[in-house]
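Student: next one to model:
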Amino acid sequence: MANGFKFTSAQQKAIEDTGKNILVAASAGSGKTRVLVERVINKIKQGVSIDELLVVTFTEAAAKEMKERIQIALRKELSTADSEEEKRRYLTQLSKLNVANISTLHAFCLQIIKQYYYVINLDPMFRMLTEDTEVALLQENVWDDLREKWYSKKSPEFENLVINFSSDRNDDGLSELVMKTYQFANANPNPEEWLNNLVNEYELGDQPLMESNFYQNKIKPNVLDQIQLAKDNLKQGMDEANKLGLEKLYQTFEQDCVTIDELQDFVVGCKEWNNLKTTLQNFKFKRAKSDRGLDDDQKKQKERINKTLRDGSKKIIEDLSVKYFALPEDEIKELTQKSKQIVETLSEVVKEFGSEFSKEKRRRHVLDFSDLEHLTLQILNTNTPDGRRVKERLKNKFKEIMVDEYQDTNQLQETILTTIAHKNPGNM
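Tutor: I've put the predicted structure just below:
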């Protein structure tokens with residue numbers, strides 16, 4: 001209990017559990033920060049020092065608030081400590097709080113780079129690009145030069161890319177696509193590998209469409225996710241109808257759940273694209289059970305449930321047939337092959353843009369936030385005596401890693417954290 005606040009059993013479990021990875025899912029205002037602070041205090045009580053914890057926040061303001069809350073909690077523990085030994089422990093933790101690793105991931109990465117730049121032979125005299133406008137202007141300058149270079153090549157593939165993503169007036173659509181693709185790629189540990197895989201997703205070969213990686217890894221999981229969402233809506237309809245005593249409506253939703261289960265099983269086992277296409281396009285729920293003798297309020301409730309949940313489920317299935325199954329297999333394969341050629345060109349352009357942008361930043365001795373993450377991972381993964389020592393030093397330093405707003409981390413950021421996390425469970 002902190003400051004008279006009584007934690008729920010689930011919150012207490014999040015505070016005290018150890019020996020495994022812990023993911024806490026909770027809505028805004030439910031006390032996540034309070035739980036995180038209490039977990040820090042609990043670790044300190046168990047003998048872990050504040051500088052042996054890595055606490056990653058999403059914003060600098062959140063880091064500042066976290067430190068302030070931990071300071072308040074430590075002072076409270078100090079004021080109620082029973083022994084001189086306990087008082088010394090809390091005083092020591094208070095003195096270490098200002099240098100504790102409670103920060104954004106970017107701030108943590110910057111600290112690593114400033115300390116271990118020599119591992120990757122990085123020039124330590126650099127300036128951070130902290131303003132979005134400055135980054136955007138620099139990217140625009142690099143892109144303008146590169147775009148002119150590609151136009152001068154008179155490449156049919158590039159012209160096709162321009163035609164597909166530009167208007168009659170300008171090529172702003174292409175510029176936006178290149179920048180967004182660059183950002184997506186750069187949020188991965190290996191941007192070039194991500195771009196190569198992007199192209200590979202469009203490789204169908206001579207095999208049936210349903211056997212391709214494109215269908216198995218991209219289309220099928222999305223289709224099944226959407227069918228599950230439709231099923232969840234129907235189950236919610238059953239629950240609401242049951243609570244309101246709408247027996248016939250309950251039976252309708254129960255009947256719909258059986259129908260959607262059959263569709264789900266069919267999608268899982270289907271081996272032929274055109275067969276699945278026809279099934280989804282012709283999919284219908286059975287006729288609703290007639291329900292007479294309802295009062296006005298019951299009619300309104302029935303109409304509401306039908307409109308939001310039953311009709312919503314129908315719309316999900318209709319959208320699937322339009323989004324994925326509008327064309328027969330042969331036309332899909334032809335379209336995918338054309339798309340692959342466009343994606344290949346886009347990938348080449350984005351790779352070259354990334355390379356030119358990096359060169360320009362090096363020339364100006366500047367780094368952006370993405371550089372901080374990539375350079376940190378490069379330091380951690382450098383297979384030299386210095387690199388291995390740095391990695392082991394950081395892994396041994398942190399007894400636990402705590403991430404606030406974990407859902408906002410990308411694959412690159414998660415790779416950094418897992419690289420310095422202990423292989424044994426116990427990280428948060």
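Student: what's the closest residue to His365 other than its chain neighbours sitting at in phi/psi?
Tutor: Nearest residue to His365, sequence neighbours excluded (Cβ to Cβ, 6 or more residues apart in numbering): Phe126, at 5.0 Å. Glycine gets a C-beta too; all of them are placed from N, C-alpha and C. The phi/psi pair for Phe126 (degrees, to the nearest 10) reads phi -130, psi 160.
Student: for Phe126, the count of nearby residues, please.
Tutor: Neighbourhood size, Phe126 [other Cβ atoms under 10 Å]: 18.
Student: how about Arg69?
Tutor: Neighbour count for Arg69, taken as other Cβ under 10 Å: 18.
Student: and the pLDDT at it?
Tutor: What the model reports as pLDDT for Arg69 is 93.
Student: relative to the whole chain's centre, how far out is the lengthiest helix in the chain?
Tutor: As assigned by DSSP state H, the longest helix anywhere in the chain is helix 329-364. How far helix 329-364 lies from its chain's middle: 22 Å, per Cα atoms, centre = their mean, to the nearest Å.
Student: what helix or strand is the residue lying farthest from the centre of the chain located in?
Tutor: What lies farthest from the middle of the chain is Gly293; by Cα atoms, centre = their mean that is 49.6 Å. Under DSSP states H and E, no helix or strand contains Gly293.
Student: how far away is it from Lys302?
Tutor: 12 Å (Cβ to Cβ, to the nearest Å).
Student: how close does the residue farthest from the centre of the chain sit to Ser83?
Tutor: 74 Å.
Student: and the helices in the stretch 301-428 of the chain?
Tutor: Counting by DSSP state H, counting those that start in this stretch, the stretch 301-428 of the chain has helices at residues 311-324, 329-364, 369-381, 385-397, 411-420.
Student: also the stretch 1-150 of the chain?
Tutor: Taking DSSP H, counting those that start in this stretch, the helices of the stretch 1-150 of the chain run over residues 9-16, 32-45, 60-79, 84-96, 105-116, 132-153.
Student: as a markdown table, these with distance to Ile401 would be great.
Tutor: Putting the helices of the stretch 1-150 of the chain into a markdown table (distance: least, Cβ to Cβ, whole Å) gives the following:
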| stretch | distance to Ile401 |
| --- | --- |
| helix 9-16 | 15 |
| helix 32-45 | 12 |
| helix 60-79 | 14 |
| helix 84-96 | 17 |
| helix 105-116 | 10 |
| helix 132-153 | 28 |
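Student: who wins for proximity to Ser321 among those helices?
Tutor: Among those, helix 132-153 comes nearest to Ser321, with 38.2 Å by Cβ to Cβ.
Student: what's the angle between that closest one and helix 329-364?
Tutor: Angle between the axes of helix 132-153 and helix 329-364 is 120 degrees (criterion: axes from the mean of the first three to the mean of the last three Cα atoms, to 10 degrees).
Student: packing partners for helix 132-153?
Tutor: Counting contacts by 3 or more Cβ pairs under 8 Å, 6 or more residues apart in numbering; DSSP states H and E, helix 132-153 is packed against helix 172-186, helix 329-364.
Student: and those as TSV, adding mean pLDDT, distance to Leu122 and mean neighbour count?
Tutor: Below are the helices and strands packed on helix 132-153 laid out as TSV (pLDDT from 0 to 100; distance: least, Cβ to Cβ, whole Å; neighbours: other Cβ atoms under 10 Å):
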stretch	mean pLDDT	distance to Leu122	mean neighbour count
helix 172-186	96	18	17
helix 329-364	94	10	16
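Student: in TSV: those, plus distance to Glu240.
Tutor: Shown next, in TSV, are the helices and strands packed on helix 132-153 (distance: least, Cβ to Cβ, whole Å):
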stretch	distance to Glu240
helix 172-186	39
helix 329-364	39
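Student: now do the contacts for Met128.
Tutor: Met128 makes contact with Leu110, Val366, Leu367, Asp368 under the criterion Cβ atoms under 8 Å, 6 or more residues apart in numbering.
Student: what secondary structure does the closest residue to Ser339 other than its chain neighbours sit in?
Tutor: Leaving aside its sequence neighbours, Ser339 sits nearest to Tyr202 (Cβ to Cβ, 6+ apart; 5.7 Å). Three-state assignment for Tyr202 (DSSP: H, G, I helix; E, B strand; the rest coil): coil.
Student: and Tyr202, how far is that from Tyr182?
Tutor: According to Cβ to Cβ, Tyr202 stands 19 Å off from Tyr182.
Student: what's the answer for Asp295, then?
Tutor: Relative to Tyr182, and taking Cβ to Cβ, Asp295 is found at 60 Å.
Student: ok, now how distant is His106 from Lys180?
Tutor: From His106 to Lys180 the distance is 21 Å (Cβ to Cβ).
Student: oh, that last question was meant for Glu203, not what I typed.
Tutor: For Glu203 relative to Lys180 (Cβ to Cβ), the value is 23 Å.
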